[in-house]
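In: Generate coordinates for the sequence data below:
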Amino acid sequence: MRDDDTIDDQSAPVGMTGRSDDTPSSVQVGVLREPRSPRTRLGGLLNPLRRRPAGTRVAIAAGVLCCLGAVAVTGVAALPDERAEDRAGTEAALAERGRQAASRGEARTPAPTVPATTAASPSTAAPSTAAPTPTATRTTRPRPKPKPTPKRIVPVAGLDRAQMNNAQKIVKAGRAMGVPRRALVIAVATAMQESNLYNYASGVLPESQNYPHEAIGWDHDSVGLFQQRPSSGWGEVGQLMDPAFATRAFLTALLAIPGWEDLPLTVAAQAVQISAYPDLYAQHEWRATEVVAAVLV
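Out: Residues are numbered from 1 along each chain as shown. This is a model prediction of the structure:
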């Protein structure tokens, strides 16, 4: 022990407990409870220590530092708790505001939402008031079917083109009726004798000249390829000037003769025509046969 320690102990005031470190400890507790700044507290703690021995001062200083460290740690540890409490209070206040806002929103009628689209849909688009642009319509008329071109057959048996064409018309009309070939030969041979296969008009009947014809005859009112007379009941003038009608009239009369198929050509022709020269038809049989064969090929 040093001398100054003895002196310090002897100068201790009367009435103390006898422990030189009791008073500093009580002072230390009192200092910590007073609401003073850390510097004032530290000064108050260190002043009594200056009057104590060195060993006592060291022990007291160590105790003071430990207490200050504990207080600091306690204060620092308390800070996160305070911050957590503040955050919890803030979050509770925000949640309460959110519930109030939601309750107010429920009382209102929500506005209808319109989908954000760049173009109006066909169902919601406003009807156009502009008049429709008239489109030019082009009416296409169906083209008439071309009439079949008659088969052009090279004339045979010394006939020219007009005669051959008339022979074709006789054969065509007979085939349409379904008559046999023999009837076609008789018809062509008769026309060769009566008109030389030319369609005759009549000088006695000027009306007949209004229809297509290749020649004009003067044998009473006889007209056409078969020189049929309207006055005898063969038909109207215009009908008899038609080669197809005239052929049908001749073949109808021929088919009405019993056994016509077995009759000689001149007899069969004369039975229909009642000519003043019945034997002249026979001379045309071979030529008529050649013409019909050429047309039916």
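
In: Asn196 touches Ala162, doesn't it?
Out: No: applying CB atoms under 8 Å as the test, Asn196 and Ala162 come out as separate, 10.2 Å apart. The C-beta positions use only the backbone N, C-alpha and C, and glycine is treated the same way.

In: Which stretches in this structure count as strands?
Out: 200-202, 215-217 (DSSP state E).

In: Report the mean per-residue pLDDT for the first one.
Out: Here strand 200-202 scores 97 as its mean pLDDT.

In: List the contacts of it.
Out: Under the contact criterion CB atoms under 8 Å, 6 or more residues apart in numbering, strand 200-202 has outside partners 208-209, 211, 213-225, 227, 241.

In: Tell me the strands beside it, with direction?
Out: Here strand 200-202 is paired, per DSSP bridges, with strand 215-217 (parallel).

In: list the buried ones in the partner strand?
Out: Of all the residues in strand 215-217, those buried under the rule 16 or more other CB atoms under 10 Å are Gly217.

In: And for stretch 241-250?
Out: Buried-residue list, stretch 241-250, by 16+ other CB under 10 Å: Met241, Asp242, Pro243, Phe245, Ala246, Thr247, Arg248, Ala249, Phe250.

In: Next up, the contacts around the last one.
Out: Read it as Phe250. Counting by CB under 8 Å, 6+ apart, Phe250 makes contact with Ala187, Thr190, Phe226, Gln228, Val272.

In: do the third one as well
Out: Contact analysis of Pro243 by CB under 8 Å, 6+ apart lists Asn166, Lys169, Ile170, Ala173, Asn199, Gly224, Leu225.

In: between these, which is nearest Arg181?
Out: Relative to Arg181, the closest of the contacts of Pro243 is Ile170; by CB to CB it sits at 12.5 Å.

In: of the contacts of strand 200-202, buried ones?
Out: Buried members of the contacts of strand 200-202, scored by 16+ other CB under 10 Å, are Ser208, Tyr211, His213, Glu214, Gly217, Asp221, Ser222, Val223, Gly224, Leu225, Gln227, Met241.

In: what about the third one, distance to Leu205?
Out: As for His213, its distance to Leu205 is 11 Å (criterion: CB to CB, to the nearest Å).

In: now swap in the fifth one and tell me
Out: Going from Gly217 to Leu205 by CB to CB gives 10 Å.

In: overlap in contacts of the two?
Out: Val223.

In: quick one on the thing from earlier: out of the contacts of Pro243, flag the one nearest to Thr140.
Out: The closest of these to Thr140 turns out to be Lys169 (CB to CB; 35.7 Å).

In: ok so, going back, could you export the strands of the chain to TSV, including columns for distance to Ile153?
Out: Formatted as TSV, the strands of the chain follow (distance: least, CB to CB, whole Å):
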stretch	distance to Ile153
strand 200-202	23
strand 215-217	22
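
In: separation between the spatially closest residue to Glu236 that is not a sequence neighbour and Asp219?
Out: Distance criterion CB to CB, 6 or more residues apart in numbering; nearest residue to Glu236, sequence neighbours excluded, is Pro230 at 6.3 Å. Per CB to CB, Pro230 is found 13 Å from Asp219.

In: Distance-wise, check Ile216 relative to Arg248.
Out: Ile216 is 24 Å from Arg248, by CB to CB.

In: Helices of this protein, start to end?
Out: Using DSSP state H, the helices of the chain run over 3-10, 22-33, 38-49, 54-107, 161-177, 181-195, 237-240, 243-255, 265-273, 285-296.

In: How about Gly174, nearest residue that isn't a chain neighbour?
Out: Leu184 (4.7 Å).

In: Equivalent analysis for Ala294, please.
Out: In space, and not counting its chain neighbours, Ala294 is closest to Val156: 4.8 Å by CB to CB, 6+ apart.
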